[in-house]
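[1] Test case, fold it:
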Amino acid sequence: MANMAGGWQGFSMEDSRKRNIEMQENFKELSPAEVLVKLQRGNARFWTGCASRPEASAFERRAMIMQQFPSTAILGCSDSRVPVEVVFDQGLGDMFVVRVAGNSLDTSTTASLQYAVKHLSVKVLMVMGHEGCGAIKAAGLPIAQIEQEPQELANALKMLKRGLDEQRLKNVHDARAYDREAVITNVRRQVEGLCRDAAIMKKVQNEELILVGCFYEISSGIVDFLPIYSPTGISSELHQKVFDEKFTVLVSGEK
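    Reported below is the predicted structural model:
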């Protein structure tokens, strides 16, 4: 009966413990750049309709009870159209996900990401905004209109509004371009906030962590990565590698 259920073989605690150790070793072998490429390839599978939908067996889930080894931590939006693991074609235990309207930093979201970096040793820390973000659209409304919302919601929108650089955005007249630019501006503000965290930047400096922002286009399914941050600013070399990888996937169909 165990085998009929699929993946139940070797379901003893000892086997689960051994599998957990194996997971840990596999995690340690991955470099931050390799994790980023893995995410890029997963997204390529998703938007080309070739997603593998990786799901753990009962045996794998039992092994995960002991300890988790996510390779990526991501601050994403709570929008129902942006299920992070699905967009990157990742499975259980692969990503430490923090989702909140407008993918914004506050005490709780910052603390969650700090935990992922310090205690889970994730290799990639990502902030992802998305096309048609309702929170960013609402943050662009006049203050008087925002203040008609419930207090907590109004406060959150005003916090987002402060980082939008509305004076510059006034020069963007195409609606779709405005939407993208506003969302990306917010993503950059959140990444800049993470750059002010000494513990996070120490990991970046030691090349133990990649910090990056990205934009998810709902209509196409494609995730566009923004320039990758390094202690000296933007890591142009690694940024180019990511886009070279994307081009390779597009041309060769590599999964």
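[2] and the residue nearest the centre of the chain, how far is that from V98?
    The centroid of the chain falls nearest to I74 when counting by CA atoms, centre = their mean (3.2 Å). Note on I74: its distance to V98, by CB to CB, to the nearest Å, is 7 Å. Yep, even glycine has a C-beta here, placed from its N, CA and C like the rest.
[3] Which parts of the stretch 1-150 of the chain are strands?
    For the stretch 1-150 of the chain, the strands defined by DSSP state E, counting those that start in this stretch occupy 72-76, 95-99, 124-130.
[4] State the number of residues packed around C214.
    23 (other CB atoms under 10 Å).
[5] ok, now the one 3 residues further on?
    Other residues within reach of E217 by the criterion other CB under 10 Å amount to 14.
[6] Can you check the pLDDT for it?
    The model reports E217 with a pLDDT of 98.
[7] Name the nearest residue to it, ignoring sequence neighbours.
    Nearest in space to E217, with sequence neighbours left out and distances taken as CB to CB, 6 or more residues apart in numbering, is E131 at 4.9 Å.
[8] pLDDT score assigned to that neighbour?
    Per the predicted model, pLDDT is 98 at E131.
[9] Now for it: which residues touch it?
    By CB atoms under 8 Å, 6 or more residues apart in numbering, the contact set of E131 is 179-180, 183, 215-219.
[10] Filter the residues you listed down to the buried ones, ChimeraX style.
    Those of the contacts of E131 that count as buried under 16 or more other CB atoms under 10 Å are selected in ChimeraX with:
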select :179,180,183,215,216
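[11] before we move on, back to that, a markdown table for the strands of the stretch 1-150 of the chain, including distance to S112?
    Shown next, in a markdown table, are those (distance: least, CB to CB, whole Å):
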| stretch | distance to S112 |
| --- | --- |
| strand 72-76 | 8 |
| strand 95-99 | 5 |
| strand 124-130 | 11 |
